[in-house]
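>>> Here is a sequence with its predicted model. Questions after.
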Amino acid sequence: MIPLSDDQPTLHPPIVTILVIAINLLVFAMWQVGTGVEQTVAVAGFVPLAFTRHMPGGVTHLVTSMFMHASWMHLLGNMWFLWIFGKNVEDVCGHIRFACFYVLCGASATFLYTIGSPYSLVPLVGASGAISGVLGAYLLKFPRSSVRALVPLGFFSRIVDLPAWVFLLIWMGMQIFFQVLRSAHTEGGESGGVAYLAHIGGFVAGIALIFIFQQSGASSAARGSGDPW
């Protein structure tokens, strides 16, 4: 399912959400494309073995990797999810707290991925772990919001309105399903493609961390119509 919009209004300009999107776009367009995606991934992508063996870049690449992507589709898909769901979570946290929340969710997602594949040499890049944390926070804070989504079914694709909790639990269920499927068909944890375990880790981290980073008195399920941002 592809989210198209939600009906939860924002109270403040989503400064950090916009800034994070801009940084990701600039890193990919100005550095990765110009230098070469494979080369940049080799330079600043996160490699689990480098982390577990305390090699150079093992820790710093926890952060650099979450602002890099493997393709335009990878980048644009992640940024679209961040735009739909990040604005309201930033409202709940405030700008500075949201920035910290986002980075910690990304680091937590990567850490869980490393636990699952501690000796992998396959680089991990992408903002999806951090964005998964945003989705987990959105599930807790705005479960009754309505999410308009495109359900791709070939010629029978449909646009439907779903409660946020339904959309996000379906999304999470898909991550778990594909992770189980991958584990059943992958030996030694060495595989490329989508890092579903990082998505799961980020989602769980977001659910836990939102209690720490939300502003006092933040509404747990504010409703409204329209979205000025």
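Good, I have the coordinates.
>>> Tell me which residue is most central in this structure.
I131 (2.0 Å; Cα atoms, centre = their mean).
>>> for the chain, what helix or strand is lowest in average pLDDT?
helix 164-185 (a mean of 86; mean pLDDT, DSSP states H and E).
>>> for the residue nearest to the centre of the chain, what are its contacts?
Contact analysis of I131 by Cβ atoms under 8 Å, 6 or more residues apart in numbering lists N78, F81, L82, F85, G86, G202. Every residue, glycine included, has its C-beta placed from N, CA and C.
>>> now do I15
I15 sits in contact with E90, H95, where contact means Cβ under 8 Å, 6+ apart.
>>> pLDDT value on it, please?
I15 is assigned a pLDDT of 96 by the prediction.
>>> gap between it and L209?
According to Cβ to Cβ, to the nearest Å, I15 and L209 sit 20 Å apart.
>>> what about S216, how many neighbours?
4 (other Cβ atoms under 10 Å).
>>> ok so it is a helix residue?
No: counting by DSSP: H, G, I helix; E, B strand; the rest coil, S216 falls outside a helix, being coil.
>>> I'd assumed G129 was in contact with M66.
Yes: counting by Cβ atoms under 8 Å, M66 does reach G129; the two are 6.5 Å apart.
>>> Between the two, which is the more surrounded one?
Remark: of M66 and G129, G129 carries more neighbours, 32 against 29, as counted by other Cβ under 10 Å.
>>> State the phi and psi torsions of that one.
phi -70, psi -50 (degrees, to the nearest 10).
>>> Return the per-residue confidence for it.
At G129, pLDDT is 94.
>>> ok, now G188?
Confidence score, pLDDT, at G188: 45.
>>> what number of residues lie near G36?
Based on other Cβ under 10 Å, the number of other residues close to G36 is 12.
>>> now it: how far from G106?
Relative to G106, and taking Cβ to Cβ, G36 is found at 24 Å.
>>> With P123 instead?
P123 is 15 Å from G106, by Cβ to Cβ.
>>> who has more neighbours, those two?
Between P123 and G106, counting by other Cβ under 10 Å, G106 is the more crowded of the two (29 against 21).
>>> I170 and M1 touch, don't they?
Yes: assessed by Cβ under 8 Å, I170 is found in contact with M1 at 6.6 Å.
>>> Now do the contacts for the residue sitting furthest away from the middle of the chain.
Within the chain, F155 marks the point farthest from the mean C-alpha position, 29.0 Å out by Cα atoms, centre = their mean. Residues near F155 by Cβ under 8 Å, 6+ apart: none.
>>> quick one, phi psi at it?
phi -70, psi -10.
>>> what do you get for L153?
phi -130, psi 40.
>>> try F46
The phi/psi pair for F46 (degrees, to the nearest 10) is phi -90, psi 130.
>>> nearest residue to it other than its sequence neighbours?
S65 (3.8 Å; Cβ to Cβ, 6 or more residues apart in numbering).
>>> pLDDT weak spots in this protein?
Across the chain, the ranges flagged by pLDDT under 70 are 183-193, 217-229.
>>> Okay, helices next: where are they in it?
15-26, 33-35, 37-44, 48-52, 61-64, 72-93, 95-116, 128-141, 164-185, 196-213 (DSSP state H).
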